[in-house]
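Peer 1: what follows is a predicted structure for the sequence shown.
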Amino acid sequence: MPAMLAAQFMGLPLSQSPASQPSFRLGLRSSPAVRARSLAPRVAASAAAVSAKPAVEAPLAADRTVVRIGLPSKGRMAEQTLSLLKSCQLSVRQLNPRQYTADVPLIPNLEVWFQRPKDIVRKLQSGDLDLGIVGFDIVSEYGKGNEDLVVVHDALEFGHCRLSLAVRCYPSTFIGTSLTILNWIFISEAVNFCDQLGDKFLREKGFKHVRFLSADGALESYPPMGMADAIVDLVSSGTTLRENNLKEIEGGVVVESQATLVASRKSLHKRKGVLEITHELLERLEAHLRATAELMVTANMRGNSAEEVAERVLSQTSLCGLQGPTISPVYCRRDGKVDVEYYAINVVVPQKLLYKSIQQLRSIGGSGVLVTKLTYIFDEETPRWRNLLSELGL
Ligand SMILES: Nc1ncnc2c1ncn2[C@@H]1O[C@H](COP(=O)(O)OP(=O)(O)OP(=O)(O)O)[C@@H](O)[C@H]1O
Ligand SMILES: O=P(O)(O)OC[C@H]1O[C@H](OP(=O)(O)OP(=O)(O)O)[C@H](O)[C@@H]1O
Ligand SMILES: [Mg+2]
């Protein structure tokens, strides 16, 4: 920031009217909705089609008997989505990489359609898809206010990012500057990745004077090129911002995002098989995601009885398992008689406590420790399923 403007800012009363502020430009990545607004009437129809809330409620295509799920066709989410499904034993079979459709052999009534993330949300709204896996940022941007979209699983543990406001790096006095203050000093134009979200966020924060630009990508290049003062874009590691000399603003996070499983409420209610498939997907996803954080530890321990071994195991903080350790006798034949001298202990421990658990096991006489990865941990019923049923009034 030029010294003069900095000085001007320091003496600026916060009640000063926006009209008297220095002009500030912010860069946003354009969505088809915004581009369509500025194009000829020929494209007005597509603009309506992408509006956050369809004017006319989409009918359910009654003749379709197969259930459809939309998966990201390209980009960083595509590969991770397929790998998550594979980890849930739901491998997607795509005969040809150029084909937009595929299937999941384990769920015969499920058809996979590879689509761009924003198209997945639009097609859920139009009734052409029943389920989808997309980032929460896209659900918020394109599905906002649409009652027909239901987030079935909100934390699939990949695609973590945040939609955030960032500005050029100014002298350290301004780093950590709050939104309110920044508002007065230098944003007059911004580039926005998520038009609806970015626009609403900044207006609500009082950035009424900001002019939004449309852009298709590489938003981080706008401020250094002098085309905008700020950007509203996705940030994950922060590398792109840093490499382009930009900084996030304190309090400038518009939305936190990660991959989600989304469904059409109408499909869940009316299309045969959707609720059952959603239940299976949800159960497998939950059970798998839960299992990735845990390990199964098995060890042998000398003891006089299962209870006595249990006392020792339960005296250790990291060996309590999900409900408690499973302790079973190890039978051996001695002097012609079946005898029990050792007990096998099975206990599920959090991955991050593995080494501590091993140390605790050894300290109470455990030996021959085996550690196994878990594929699934199924609970009695997942809270997300109960929530979904109650959200659907079922
Ligand atoms: N840097 C990132 N780290 C983690 N997740 C991200 C990141 N950027 C985007 N995402 C997530 O991935 C989703 C898809 O982004 P991606 O860049 O693959 O496609 P896109 O930007 O919509 O398409 P395109 O780049 O062709 O315009 C985003 O909606 C967001 O949820
Ligand atoms: O904080 P980081 O880890 O650096 O990630 C942030 C970048 O990732 C996304 O871009 P992407 O790579 O998808 O390119 P795009 O702008 O062409 O979509 C996003 O739009 C940012 O530019
Ligand atoms: Mg991208």
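Peer 2: Good, I have the coordinates. Numbers count the residues shown, from 1 in each chain. Ligands and ions are numbered 1, 2, ... in the order given.
Peer 1: from now on I want contacts and neighbour counts done on CA atoms only, so please keep to that.
Peer 2: Fine.
Peer 1: how about the residues of the protein near ligand 1?
Peer 2: Listed as neighbours of ligand 1 in the chain under the rule CA under 6 Å from any ligand atom: 75-77, 117, 135, 137-138, 159-161, 234-236, 258.
Peer 1: at 8 Å what do you get?
Peer 2: 72, 74-78, 116-118, 134-138, 158-161, 216-217, 234-237, 257-259 (CA under 8 Å from any ligand atom).
Peer 1: and the residue nearest the centre of the protein?
Peer 2: Centroid check for the chain by CA atoms, centre = their mean gives Q258 as the closest residue, at 1.5 Å.
Peer 1: that residue and F114: what is the separation?
Peer 2: 19 Å (CA to CA, to the nearest Å).
Peer 1: near ligand 2, which residues of the stretch 151-300 of the chain?
Peer 2: By CA under 8 Å from any ligand atom, the part of the stretch 151-300 of the chain that sits against ligand 2 consists of 161, 193, 216-220, 233-242.
Peer 1: how far does stretch 266-282 stretch from start to finish?
Peer 2: 18 Å.
Peer 1: number of nearby residues for the residue of the stretch 251-394 of the chain found nearest ligand 2?
Peer 2: Residue nearest to ligand 2 within the stretch 251-394 of the chain: S257 (12.2 Å; CA to the nearest ligand atom). Neighbourhood size, S257 [other CA atoms under 10 Å]: 25.
Peer 1: residue in the stretch 151-300 of the chain nearest to ligand 1?
Peer 2: Residue of the stretch 151-300 of the chain nearest ligand 1, by CA to the nearest ligand atom: G159 (3.7 Å).
Peer 1: phi, psi of the closest residue to that residue other than its chain neighbours?
Peer 2: Computed as CA to CA, 6 or more residues apart in numbering, the closest residue to G159 that is not its neighbour in sequence is Q258, at 4.8 Å. The phi and psi torsions at Q258 (degrees, to the nearest 10) take the values phi -160, psi 170.
Peer 1: show me the beta-bridge partners of the residue of the stretch 251-394 of the chain closest to ligand 2.
Peer 2: The partner list for S257 in beta bridges (DSSP bridges) reads C161.
Peer 1: surely it meets S140?
Peer 2: No. In this structure S257 lies outside contact range of S140 using CA atoms under 8 Å: 9.3 Å.
Peer 1: just to be sure, V255 is in a strand?
Peer 2: Yes. Judged by DSSP: H, G, I helix; E, B strand; the rest coil, V255 forms part of a strand.
Peer 1: correct me if wrong: it contacts E141.
Peer 2: No. With contact defined as CA under 8 Å, V255 does not count as touching E141 (9.9 Å).
Peer 1: helices along the stretch 101-250 of the chain, start to end?
Peer 2: Ranges of helices in the stretch 101-250 of the chain, per DSSP state H, counting those that start in this stretch, are 117-126, 136-143, 179-185, 195-204, 239-243.
Peer 1: quick one: the host helix or strand of A287 to chain centroid distance?
Peer 2: Element membership for A287 (DSSP states H and E) is helix 274-292. With CA atoms, centre = their mean, to the nearest Å as the basis, helix 274-292 stands 15 Å off its chain's centre.
Peer 1: try stretch 274-293
Peer 2: That offset, for stretch 274-293, works out to 15 Å (CA atoms, centre = their mean).
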